[in-house]
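>>> pasting a predicted model and its sequence here:
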Amino acid sequence: MKLSLSISTCVCLLASFCSFSYLPAYGQSKQLEEIFVTANRIGEPLATVTSDVDVLDKNELNKLGNVNLTQALGRLSGVQSIGYGNHSVYMRGAESRMTSLYLEGIRIESQDGVRLGGGVPWEMLPLEMVDRMEVVKGPTSTMYGSDAMGGVVQLFGKKASADDRPTVTQAFGTHGTKKTTGLLSGKRDAMDYSVLLSTKSSDGYDTRPDLTHTPSKEASNSHVAMLKLGYDFNPMHRLEAVSFKSKQFTQWAPSYTDNIDITKHNNITANGLQWMAGWSDNQVSRFKINQSILGADSDAANAGNDLAWNYKTTTQNFSVDHESTTNAGHFSGIFEFKKDQFKAAANDYSGYLANTAVDTSRNMYATGLGYKINYQLHTINTSIRTDDYSGYASHNSYSLAYAYEIMPAWKISASQSTGFRVPTLEMLNGYYGNTNLVAESNVTKEIALQYANGKSSARMTIFQNDISHLLTSAYARTDCTAANFCYYNLSGKVKIQGVGLSGKTQFEGFNFQSHLDLLNPVNQTTGKQLSLRSKQNFRFAVDKPIESTRLGLEYQFIGKRFDDASNTLEFPKIGLFNVWTQTAINNEWQWINRIDNLMNKSYQQYGCTSSGVNTCNYAMPGTTFFTSVQWQPK
C-alpha cells in the first residue's frame, strides 16, 4: 500500500498514536530517575526537553550486535542511513553533511573531499567505545553553529562509578568477523577513570560480484583506545580529560574489472579537557578546550583509473558556556572559538590531471544567548547565535519553541529554528574549490504532540524544512575554477515535509517499540525526489524475557529510493527481519546472539551504474550472524 502525507493518513496516525500511548505501563508506578541530555550544551532533565530527542544506553547498543554507528542511527525515528561503503546519515531528510557530531564534547568533522562537502566521517567512529548516545533532531545551529541543520549526535564513553567491574567481550560473526573489547573503570575518593581497548577484523565479502578484482573479498580491521579521567575538587567543581585514538584499514572494490582493490587508511586522534564549575546553586559554567585530527589516505592501485589522496583535517576549539537560574527563568550564554585547518597532498591521474598540494585554514568566533522559562503549564525556549568566519561572511541563527502541558503526561509544542553550513575548506580552496560558494541555510517549522508516563512514551511530529543554496557538484560548468569538476550552489530551494510517529511501552511482560516516518524530500526546481532518501520508513521491535533469556524480533521497512538526482536509478522497497537473544548465564557472564536480514533479502543501498530498477552492483552482505560473550568478574 502506498503511503503519502494525505489527510486520511494523518488521521490514522493520530488514532494509532492515541491508542498506543494509552497502553498501560505495568510495574511503572515509580518514576525512573531523570536522564540528562545536552540539548542545551550544559544539560537538563530529559522530561523538560522540548526538542525531538533519542537516548540510547549501552544495553540498547549491545543488543544491536555487529552494527556500526550509521546502522545504529538508522534504527531511530526520523533517521535514514547508509551503513556500508559511503556511510551517510540523513536526519529528517537533510543531507548527511548537515548533522554535527561530538565525542565527549569534542567536535569531530572533516574538511576533506572523501565525501561530497565533507562533514562527519561516520565510518571512522567505532560503536564499541560508545556507552551512551544522544540524538537531537532538527536545526541546532543556535547551540552548535555550522553543520547542525539536520540535528546533532553526541557520543559518550563509560561514566565511571565506585562499583564498576572490569568487562571483557569476545565476539565472532559472519565473514570471519572477530571483535575483542576490554574495559576497566572505577572511582576512588575524588578520582575516577575509564580505559577502553578494542580491536576488530573481518575477512569481508565480495562487494562487487559483477567485476573481476583482486582480492575477491574486501577485508577490514580497526583498533580503538579511549581514556577518561575525572577529578571532583568538591561537589561544585569537576575536571575531566579524555583522549581517543582510532585506526582503520579497509579495502575498496575498484570500479573497473580486472583491477586491484583500493586500500584506504583512516585515523582519528581526539583530546579534550573540560572544567565544570558550580559557582552557586544557580550559577553554572563549563569551560572546554579540545582538538581533533582526522587523517584519510588511499592508494592508486590501478594506474590511470584511481586517484590517490591524502587528507588531514585539524579542528581546535575553545568554548565557555554559562547558565544562570533565576525566578524569571534560565539564562544562558555561549562563547566559542574554533580553528579549522585542511591539508591535501599533491596527486594526479598518471600525469593526465595534476592537483597541487593544499594547505589552508580559517578561524571562527561565535557568541550566543538563550532563555528558557517554565511557568505553570507553559514552557518557552528561545536562543540566538552569531558565527563569524575569517575571510567569509558571518551567520546568524535563531530558535523559538513553545510547549504546553494540555493534561498530565500530555504536551503539545511548536517551534521554528534556523540552521546553516559554511562550505568546507576543501570546497572553497581545494583541488576543485569554488571561492564563490555561499553557505547553505534552512528554516524548519514543526509541531509535536507527545506523551510520557513511566516507561510508556509516544510522539507525533509534523515538520517542514526549507533549504536554500544547497551545495552540489558537476563537471564542465562555466563558473568552475577547476578544469573538470567543481562545487556550486543550487539556485532553487529544497523542501522537505514530514510526519513522524514513534512510541514505546510495556504490556504483559512484552516491550514494544515502533516508529513510522513519512517523508516528502523534493528539489523544487526539478520536482524530483532527493536521492538516497525513502518516502516511507517503518520499524517495529518487540522483546520478552523467558527465564534468564530475553528474545527480540525486529522488522524494518524502507520504501523506494533513487541513487541519482534525475530519479532514473531506483532502489526498490525492502522489508527486513532481525532476531536477537540476550542471556544472563550467571552474575558474571552474558551471551548475546543476533541474526540480521533473517530472510536473506537481496537489496541495495547505493552504487547504481545503469538505468532501471534493481540494476545496482554494490552487493550487501545478505544474512549475517553475530555472537558475543561478555565477562564481568567480581
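It's in.
>>> so, low pLDDT: which residues of the protein?
Along the chain, the parts satisfying pLDDT under 70 run over 1-38, 85, 113-116, 303-305, 349-353, 476-484, 607-616.
>>> repeat that with 50
The model of the chain has pLDDT under 50 over residues 1-33, 611-614.
>>> ok, the residue nearest the centre of it - contacts?
Nearest to the geometric centre of the chain sits residue 153, at 5.0 Å (CA atoms, centre = their mean). By CB atoms under 8 Å, 6 or more residues apart in numbering, the residues touching residue 153 are 73, 89, 99, 100, 101, 102, 120, 133, 134, 135. (Each C-beta comes from the backbone N, C-alpha and C, glycine too.)
>>> between those residues, which sits nearest residue 489?
Proximity of these to residue 489 (CB to CB) peaks at residue 99, which lies at 19.8 Å.
>>> tell me which residues touch the closest one, please.
89, 91, 119, 120, 147, 148, 149, 150, 151, 152, 153.
>>> hey, what's it bridged with?
Residue 99 has these beta-bridge partners by DSSP bridges: residue 151.
>>> then residue 251?
Residues in beta-bridge contact with residue 251 (DSSP bridges): residue 263.
>>> before we move on, what about residue 574?
residue 558.
>>> how far away is the closest residue in space to residue 363 that isn't next to it in sequence from residue 367?
Nearest in space to residue 363, with sequence neighbours left out and distances taken as CB to CB, 6 or more residues apart in numbering, is residue 390 at 4.5 Å. Residue 390 sits 15 Å away from residue 367 when distances are taken as CB to CB, to the nearest Å.
>>> again, but for residue 519
Using CB to CB, one obtains 35 Å as the distance from residue 519 to residue 367.
>>> likewise for residue 491?
From residue 491 to residue 367 the distance is 32 Å (CB to CB).
>>> looking at these two now, which is surrounded by more residues?
Using other CB atoms under 10 Å, the more surrounded residue of residue 491 and residue 367 is residue 367, with 13 against 9.
>>> check contacts around that one.
So, once contact is read as CB under 8 Å, 6+ apart, residue 367 ends up touching 333, 334, 335, 336, 385, 386.
>>> and after the strand or helix carrying it, which helix or strand comes next?
Assigned by DSSP states H and E, residue 367 belongs to strand 358-375. Heading C-terminal from strand 358-375, the first helix or strand you meet, by DSSP H and E, is strand 378-389.
>>> surely residue 142 forms part of a helix?
Yes. Applying DSSP: H, G, I helix; E, B strand; the rest coil, one finds residue 142 inside a helix.
>>> count the residues that sit near it.
Residues near residue 142, counting by other CB under 10 Å, number 25.
>>> how much space separates it from residue 100?
For residue 142 relative to residue 100 (CB to CB), the value is 12 Å.
>>> just to revisit the earlier point, for the contacts of residue 367, which single residue is the most surrounded?
residue 385 (24 neighbours).
>>> give the closest residue to that one in space, chain neighbours not counted.
residue 368 (3.5 Å).
>>> wait, what's in contact with the one you found?
Residue 368 makes contacts with 142, 143, 333, 334, 336, 383, 384, 385, 386, as judged by CB under 8 Å, 6+ apart.
>>> going by distance to residue 429, which of the residues you listed wins?
residue 336 (22.9 Å).
>>> for residue 319, see how far away that closest one is.
4 Å.
>>> okay, strands next: where are they in the stretch 451-600 of the chain?
456-468, 471-474, 486-489, 494-507, 510-523, 528-529, 536-546, 549-558, 561-562, 569-571, 574-584, 589-596 (DSSP state E, counting those that start in this stretch).
>>> tell me the secondary structure for residue 42?
Going by three-state DSSP, the secondary structure assigned to residue 42 is coil.
>>> give me the neighbour count for it.
Neighbours of residue 42 using other CB under 10 Å come to 18.
>>> with residue 162 instead?
9.
>>> okay but it is in contact with residue 186, surely?
Yes. Using CB atoms under 8 Å, residue 162 is in contact with residue 186, at 7.0 Å.
>>> host element of the nearest residue to residue 197 once chain neighbours are set aside?
Take residue 197 and drop its neighbours on the chain: the residue closest to it by CB to CB, 6+ apart is residue 182, 5.0 Å away. In this assignment (DSSP H and E), residue 182 forms part of strand 177-188.
>>> partner strands of that strand, with direction?
strand 167-173 (antiparallel), strand 191-202 (antiparallel).
>>> pick the most buried one from those.
Ranked by mean neighbour count, the strands paired with strand 177-188 are led by strand 191-202 with a mean of 19 (mean count of other CB atoms under 10 Å).
>>> related to what we said a few turns ago, which of the contacts of residue 153 fall within strands?
Counting by DSSP state E, the contacts of residue 153 place 89, 99, 100, 101, 102, 133, 134, 135 in strands.
>>> what's the closest of those residues to residue 206?
Residue 206 lies nearest to residue 89 out of these, by CB to CB, at 26.0 Å.
>>> what's the spacing between the closest one and residue 273?
On the measure of CB to CB, residue 89 and residue 273 end up 28 Å apart.
>>> surely residue 334 meets residue 319?
Yes. With contact defined as CB under 8 Å, residue 334 reaches residue 319; the gap is 7.0 Å.
>>> TSV please, covering the strands paired with strand 177-188 and showing distance to residue 41.
Shown next, in TSV, are these (distance: least, CB to CB, whole Å):
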stretch	distance to residue 41
strand 167-173	30
strand 191-202	22
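>>> what about the residue nearest to residue 41 when sequence neighbours are not counted, helix or strand, and which?
Spatially, and ignoring its direct neighbours in sequence, residue 41 is nearest to residue 321 (5.1 Å; CB to CB, 6+ apart). Under the criterion of DSSP H and E, residue 321 resides in strand 309-326.
>>> which residues touch residue 152?
99, 100, 101, 102, 135, 136, 140, 143, 144.
>>> let me know the closest of those residues to residue 110.
residue 101 (10.5 Å).
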